[in-house]
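Asker: Quick one, fold the following:
(chains A and B)
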Amino acid sequence: MQQEIINWFNSYSDDLFRWAYHKTSSKEVSEDLLQETFLSAVKGFDGFKKDSQPKTWLFAILNNKIIDHYRKKSKALGLEAQHAEQKLINQTDSFFDSNQRWTLKTENVLWEEETHILDDQEFGRVLNSCMGELPKSWKFAITAKYLLNKRAEHICQELEVTPSNYWQIVHRAKLMLKKCIDFNWKM
Amino acid sequence: MIKKLIGHIFFSCKHATELVEKKQFVKLSLLEKVRFKGHMLICSACRSYEKQSALMEKMFHRINNSSIPEQEIPKMNDTAKTRILEILKEES
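Answerer: Here you go, the predicted model:
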């Protein structure tokens, strides 16, 4: 077994590393994930069916490790914490009046049509800088399902976050982005 | 007065925009759906929010799925490789 796993490592570690890096954007994290992947492969070697592709099997293990990584991250970022980011919560609350109607200017919205905007580089830049102003945990919340390629309804399970907390964060994050883009985006 | 009443029946803007996000994660109840649709019919600002929300989702998707150019992906360095190989030899 030892030689076989070492052969796998020599053949596939670069591809696995690239995938891990693509999903985590961190060299150190990717190396750790790779190490954990191969350790799991050693432990699970007997369960590996000889007629399946080792590469496919290793990628499946790696994908689980990536989800674990983001699960830990979501805990560390305190996605469960109700009172985090209170200042910003107050701010998004102020987007609505006492009857919970919009206080933001809602006429002349310039960026709801998709056709041109999706490919507009300037719009991409504005969105990026607006996202940069969000707290880390909020930014993570709105992008997690794309990082993990999971459907929205599964992402709460994967990250072990209660759904109501999750969509409230998404809602507030998008309100902040809306205001920021309304203000900074000029056609 | 009438506006307030309508607000009660068809949700407030705050609640309606929250539902725009909620319905991506869980199925709304029939009553929620009716009240939500009612709000969207009469409120252009929330209709606009819903479109903007969908547009943002498309942009998030793009940002996170555009592949990183090959030359920007670092190589795993040899010390890391050797370290992992050492660990594998010990373990197996």
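
Asker: drop to CA atoms for contacts and neighbour counts, all remaining ones
Answerer: Noted.

Asker: List the residues that contact A:Leu148.
Answerer: Shown in contact with A:Leu148 (C-alpha atoms under 8 Å, 6 or more residues apart in numbering or on different chains): A:23, A:66-67.

Asker: Which pLDDT value belongs to it?
Answerer: What the model reports as pLDDT for A:Leu148 is 87.

Asker: List just the nearest of the contacts of A:Leu148 to chain B.
Answerer: For the contacts of A:Leu148, the minimum distance to chain B (C-alpha to the nearest C-alpha) is 8.5 Å, reached by A:Lys23.

Asker: What values do phi and psi take at the closest residue in space to that closest one that isn't next to it in sequence?
Answerer: Of all residues not flanking A:Lys23 in the chain, A:Leu147 sits nearest, at 6.2 Å (C-alpha to C-alpha, 6 or more residues apart in numbering or on different chains). When read as degrees, to the nearest 10, the backbone of A:Leu147 gives phi -60, psi -40.

Asker: how many neighbours does A:Leu147 have?
Answerer: 20 (other C-alpha atoms under 10 Å in any protein chain shown).

Asker: cool, A:Ser98 as well?
Answerer: 9.

Asker: Could you check which helix or strand contains the residue lying closest to B:Lys75 once chain neighbours are set aside?
Answerer: Distances taken as C-alpha to C-alpha, 6+ apart put A:Asp14 closest to B:Lys75, at 7.7 Å, once the chain neighbours are dropped. Using DSSP states H and E, A:Asp14 sits in helix A:2-24.

Asker: repeat for A:Val126
Answerer: Judged by DSSP H and E, A:Val126 forms part of helix A:121-132.

Asker: looking only at pLDDT, what's the mean for that helix?
Answerer: The model assigns helix A:121-132 a mean pLDDT of 92.

Asker: now stretch A:47-67
Answerer: 90.

Asker: Repeat that for stretch A:22-39.
Answerer: If you average the pLDDT values across stretch A:22-39, you get 93.

Asker: Likewise for stretch A:86-105?
Answerer: Mean per-residue pLDDT for stretch A:86-105: 88.

Asker: any residue of it up close to chain B?
Answerer: Yes. Contact of stretch A:86-105 with chain B (C-alpha under 8 Å from any C-alpha of the partner chain) involves A:96, A:99-102.

Asker: Which of those has the largest number of neighbours?
Answerer: A:Arg101 (20 neighbours).

Asker: Once you drop chain neighbours, what's closest to it?
Answerer: Nearest one to A:Arg101, counting by C-alpha to C-alpha, 6+ apart, is B:Cys13 at 5.0 Å.

Asker: pretty sure that neighbour contacts A:Thr103?
Answerer: No. Applying C-alpha atoms under 8 Å, one finds B:Cys13 not in contact with A:Thr103, separated by 10.0 Å.

Asker: gap between A:Asn64 and chain B?
Answerer: Separation of A:Asn64 from chain B (C-alpha to the nearest C-alpha, to the nearest Å): 19 Å.

Asker: what helix or strand is that residue on?
Answerer: Here A:Asn64 is assigned to helix A:54-76, by DSSP H and E.

Asker: what's that helix packed up against?
Answerer: helix A:2-24, helix A:27-43, helix A:152-159 (3 or more C-alpha pairs under 8 Å, 6 or more residues apart in numbering or on different chains; DSSP states H and E).

Asker: who wins for proximity to A:Glu112 among those helices?
Answerer: A:Glu112 lies closest to helix A:152-159 among the helices and strands packed on helix A:54-76, at 21.9 Å (C-alpha to C-alpha).

Asker: Give me the buried positions along that closest one.
Answerer: A:152-153, A:155-156, A:159 (16 or more other C-alpha atoms under 10 Å in any protein chain shown).

Asker: Also stretch B:22-41?
Answerer: Buried residues in stretch B:22-41 (16+ other C-alpha under 10 Å): B:22-23, B:25, B:32, B:35-36, B:38-40.
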